[in-house]
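In: have a look; sequence and predicted model below, questions after that.
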Amino acid sequence: MEDFDFNITIVGLGLIGGSYAMALKDLNPKNIWAVDIDKNALKTAQELGIIDQGYVDPEIPLKNSDIVILCIYPNLAIEFIKEQMDHFKTGAIITDTAGIKEKLLSKINGFVRTDIDFIGGHPMAGREYKGLSFASKDIFDGANYILTPIEQNKKENIQRIEYMIKGIGCKNIIKIDPKKHDEIIAFTSQLPHIVAAALMNGAKEENTHLFVAGSFKDATRVARMNTKLWSELLIENRENTIEQIERFEKYMTEIKNTIINNDQVTLEELFENARGKREEFIEKCMK
């Protein structure tokens, strides 16, 4: 694909939406439009030159958009597509950036027009902050990007989305079943946020900050999360989330029991196993 001569609309100019707008400039699309209820965010984005035009009312840009990128909460994305169904351009590609996939795809594909292609997506990129002011095209550099295409998605549309993903700087594109996506993400993304929150909520001492080094800071970084978004993600993926919490509790109990039993040999073995897996994990991430 030699050019990317499309009209693109980004719905939601927060951290991911703003970063998308910045990164898409390198692909030189025909137009980058944005839809948001925050007029100040739209004004700022136009002043920064990362969008060509901002809209509170989505009807105008949607009627002319070849690609629509939803950078909003999962349930809001479902509502948005349903409410704006009559306004999407014939042949439009819609994709999203939500951290859950099975319910979202099931709902949307239950009512989406047959002349529109919805392709589920999830960039493995972001920060623990929210809002346009923290947006940066650099968050996609070297990142992984998950796609959850289904049988009715057109091959050429998937290729266009893949081209866009590579164009904004992502390194690997992983295609996976929506159900499997939610199972894995419950462990790699949702469980760490739960653990970080539990650690911070368990900080009893007022002067805890005077007794921490890198390990506590690293382990609790994501506790500074978008609480509304993450509450929705965990509830909507509740079965997988609970399964991962219970699995984590099992391994915590295993370590606790070695300490109760004064079993240093087994404790060292558990730690050595974890250390080895971490080293292997880092090596794979560097490839």
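Out: In hand now; what should we look at?

In: on contacts alone, who are the packing partners of the helix or strand hosting Leu147?
Out: Counting by DSSP states H and E, the element that carries Leu147 is strand 144-148. When contacts are defined as 3 or more C-beta pairs under 8 Å, 6 or more residues apart in numbering; DSSP states H and E, strand 144-148 sits against strand 117-123, helix 155-167, strand 172-175, helix 178-185. To be clear about C-beta, it is placed using only N, CA and C from the backbone, and glycine gets the same treatment.

In: pick the most buried one from the ones you listed.
Out: Most buried of these by mean neighbour count (mean count of other C-beta atoms under 10 Å) is strand 117-123; its value is a mean of 23.

In: for that one, enumerate the helices and strands it packs against.
Out: For strand 117-123, the packing partners by 3+ C-beta pairs under 8 Å, 6+ apart are strand 93-96, helix 102-108, strand 144-148, helix 155-167, helix 178-185.

In: the residue lying closest to Ala135 once chain neighbours are set aside: neighbour count?
Out: Excluding the flanking residues, the one nearest Ala135 by C-beta to C-beta, 6 or more residues apart in numbering is Gly18, at 2.9 Å. The number of residues packed near Gly18 is 29, by other C-beta atoms under 10 Å.

In: quick check: Gly18 vs Cys285, distance?
Out: As judged by C-beta to C-beta, to the nearest Å, Gly18 and Cys285 stand 26 Å apart.

In: ok, now Phe271?
Out: 21 Å.

In: of those two, which one has the most company?
Out: Taking other C-beta under 10 Å, Phe271 and Cys285 do not tie; Phe271 has more neighbours (12 against 9).

In: out of the helices and strands packed on strand 117-123, which is closest to Glu83?
Out: Of all the helices and strands packed on strand 117-123, helix 102-108 sits nearest to Glu83, with 12.3 Å by C-beta to C-beta.

In: that older thread, can you redo the helices and strands packed on strand 117-123 as JSON lines with distance to Ile235 and mean pLDDT?
Out: Converted to JSON lines, the helices and strands packed on strand 117-123 look like this (distance: least, C-beta to C-beta, whole Å; pLDDT from 0 to 100):
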{"stretch": "strand 93-96", "distance to Ile235": "18", "mean pLDDT": "98"}
{"stretch": "helix 102-108", "distance to Ile235": "11", "mean pLDDT": "96"}
{"stretch": "strand 144-148", "distance to Ile235": "20", "mean pLDDT": "97"}
{"stretch": "helix 155-167", "distance to Ile235": "28", "mean pLDDT": "96"}
{"stretch": "helix 178-185", "distance to Ile235": "13", "mean pLDDT": "97"}
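
In: let's have these in TSV, adding distance to Ile259.
Out: Supplementary listing: these in TSV, determined by distance: least, C-beta to C-beta, whole Å:
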stretch	distance to Ile259
strand 93-96	44
helix 102-108	38
strand 144-148	36
helix 155-167	45
helix 178-185	30
